[in-house]
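1. Structure, please.
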Amino acid sequence: MKKLKVGKLDSDVLDRIVLSGIKFKRPEVRTGAEVGEDCAVIDFGEYDCVVSTDPITASVQDVGKLSIHISCNDIASNGVQPVGITLAVMLPEGSTEEDLTTIMTQAAQAAEVAQVQIAGGHTEVTPAVRKPVIVSTAFGRVLSGKSADAKNMRENDLILLTKNAGLEGTGIIASDREDELGGILSAGEIAQAKSMLNDVSVVKEGVIAGEIGTAGMHDVTEGGVYGAVWEMCRLASMGAEIYEEKIFVHPVTRKIAKHFGIDPMRLISSGCMLIVANSGQADAIIAECKKEEIEISVIGRVRAKECGVKALTEKGDLLEIEPPEADEQLPDRKSVV
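-> Next comes the predicted model:
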């Protein structure tokens with residue numbers, strides 16, 4: 001019997017075992033489960049409800065904040081402001097009231113940043129987990145048929161990326177491996193890396209782009225920038241040409257990635273939004289993001305499906321972007337990197 005790899009299921013397993021088993025369909029579900037889809041979209045008449053669920057496993061110091069942002073980011077990838085969110089919080093044996101206070105205080109602060117209400121959930125202590133685990137489900141509301149859809153991608157559309165590749169992964173590694181990184185990073189660099197976890201929300205740019213109009217968006221999570229590009233192209237049945245030199249990778253991220261043998265382009269990157277738009281839309285999105293001091297750059301173009309999904313590397317090589325598999329892992333780490 002073939003064992004599953006640690007991390008996010010690769011697209012083949014997801015397709016073959018999970019998605020293929022979903023047989024029953026309802027007409028109210030406009031957008032259902034597919035590779036590359038961040039959200040379900042459900043028809044409620046005048047409005048559609050946009051829904052997304054994500055798990056997060058992290059330290060007590062980070063898990064509350066991240067649990068809010070990861071699901072709200074998915075809603076924002078449909079160009080929609082999240083309205084409500086529920087949290088199922090599972091804590092390991094030995095957790096304290098102080099741990100729970102830290103987690104919920106962070107969640108409340110992150111919810112205020114994302115302008116979303118914590119509307120319900122569940123909390124328990126269980127021997128089934130070794131670290132805090134939170135499953136968050138976020139909800140948004142949009143006028144019927146107005147949700148952004150990556151299936152609208154067309155040849156020669158521009159591909160934009162906000163912020164810097166490997167953003168969340170850099171923060172997580174710096175938080176989890178601070179002692180080890182002391183030998184290769186200065187105290188200031190470690191602090192800078194850890195602070196990247198304060199920038200993992202993409203709600204602001206998602207709503208901006210949604211108001212202007214796009215050909216689709218995807219928040220960059222497990223599988224990194226290249227994984228997100230592949231998933232969008234798979235969903236739209238299109239190809240892409242990515243220019244690696246246009247993708248900003250923070251120098252601290254490069255140092256961490258080199259030390260651990262991780263590809264920054266495959267490192268979890270919550271906080272980055274992949275946006276596909278025509279040239280007019282792209283100009284407007286870039287201008288509005290700059291007004292809000294959100295870093296954004298054009299990193300490639302959509303191509304015909306037969307052209308494949310490719311990247312021109314910084315060394316000048318043309319690389320075929322492969323489907324995302326299990327996440328980039330640190331040695332002995334079985335978590336979100």
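2. going forward, measure contacts and count neighbours with C-alpha atoms only.
-> OK.
3. ok, residue 21 to residue 37 distance?
-> Noted for residue 21: a distance of 17 Å to residue 37, by Cα to Cα, to the nearest Å.
4. Residue 1 too?
-> Counting by Cα to Cα, the gap from residue 1 to residue 37 is 29 Å.
5. One more: residue 159?
-> Distance from residue 159 to residue 37, by Cα to Cα: 17 Å.
6. what about these two, which has more around it?
-> A count of neighbours by other Cα atoms under 10 Å puts residue 159 above the other of residue 159 and residue 37, at 26 against 21.
7. So in terms of bridging, what pairs with that one?
-> Beta-bridge partners of residue 159, counted by DSSP bridges, are residue 276, residue 300.
8. That one: what's it in contact with?
-> By Cα atoms under 8 Å, 6 or more residues apart in numbering, the contact list for residue 159 reads 274-277, 298-302.
9. In space, not sequence, find me the middle residue of this protein.
-> residue 221 (3.0 Å; Cα atoms, centre = their mean).
10. my read: it touches residue 269, true?
-> Yes: with contact defined as Cα atoms under 8 Å, residue 221 counts as touching residue 269 (4.9 Å).
11. and residue 74, that's in a helix?
-> Yes: read with DSSP: H, G, I helix; E, B strand; the rest coil, residue 74 is one of the residues of a helix.
12. Grab the nearest non-local neighbour of it.
-> residue 38 (5.4 Å; Cα to Cα, 6 or more residues apart in numbering).
13. How about residue 256?
-> Leaving aside its sequence neighbours, residue 256 sits nearest to residue 170 (Cα to Cα, 6+ apart; 7.2 Å).
14. Return the distance of the one you found relative to residue 121.
-> Distance of residue 170 to residue 121, computed by Cα to Cα: 29 Å.
15. Have a look at these two and say which one is more surrounded.
-> residue 170 (29 against 14).
16. Does that one fall in a helix, a strand, or a coil region?
-> Strictly by three-state DSSP, residue 170 counts as helix.
17. can you give me the strands for the stretch 151-300 of the chain?
-> Along the stretch 151-300 of the chain, the stretches classed as strands by DSSP state E, counting those that start in this stretch are 158-162, 216-219, 239-243, 273-277, 296-303.
18. correction: the stretch 1-150 of the chain
-> Counting by DSSP E, counting those that start in this stretch, the strands of the stretch 1-150 of the chain are 29-31, 40-44, 47-57, 82-91, 117-125, 133-143.
19. Tabulate these in CSV, adding columns for distance to residue 231 and mean pLDDT.
-> Converted to CSV, the strands of the stretch 1-150 of the chain look like this (distance: least, Cα to Cα, whole Å; pLDDT from 0 to 100):
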stretch, distance to residue 231, mean pLDDT
strand 29-31, 16, 93
strand 40-44, 16, 96
strand 47-57, 17, 94
strand 82-91, 23, 98
strand 117-125, 30, 97
strand 133-143, 21, 97
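20. Of the ones you listed, which is nearest residue 203?
-> strand 82-91 (8.0 Å; Cα to Cα).
21. Could you spell out the sheet neighbours of the closest one, each with its direction?
-> The strands that strand 82-91 pairs with in its sheet are strand 117-125 (parallel), strand 133-143 (antiparallel) (by DSSP bridges).
22. most packed of those strands?
-> When these are scored by mean count of other Cα atoms under 10 Å, the highest mean neighbour count falls to strand 133-143 (a mean of 23).
23. quick revisit: for residue 183, find the nearest of the strands paired with strand 82-91.
-> Ranking the strands paired with strand 82-91 by distance to residue 183, with Cα to Cα as the measure, places strand 133-143 first at 30.4 Å.
24. From residue 70, how far out is the nearest residue to residue 210 once chain neighbours are set aside?
-> Distances taken as Cα to Cα, 6+ apart put residue 79 closest to residue 210, at 3.8 Å, once the chain neighbours are dropped. Separation of residue 79 from residue 70 (Cα to Cα) stands at 15 Å.
25. just residue 128 next, same as before
-> Going from residue 128 to residue 70 by Cα to Cα gives 23 Å.
26. what's the worst-scoring helix or strand of the chain on mean pLDDT in contact with?
-> None of the helices or strands of the chain scores lower by mean pLDDT, DSSP states H and E than helix 11-13, at a mean of 86. Applying Cα under 8 Å, 6+ apart, the contact partners of helix 11-13 are 35, 323-325.
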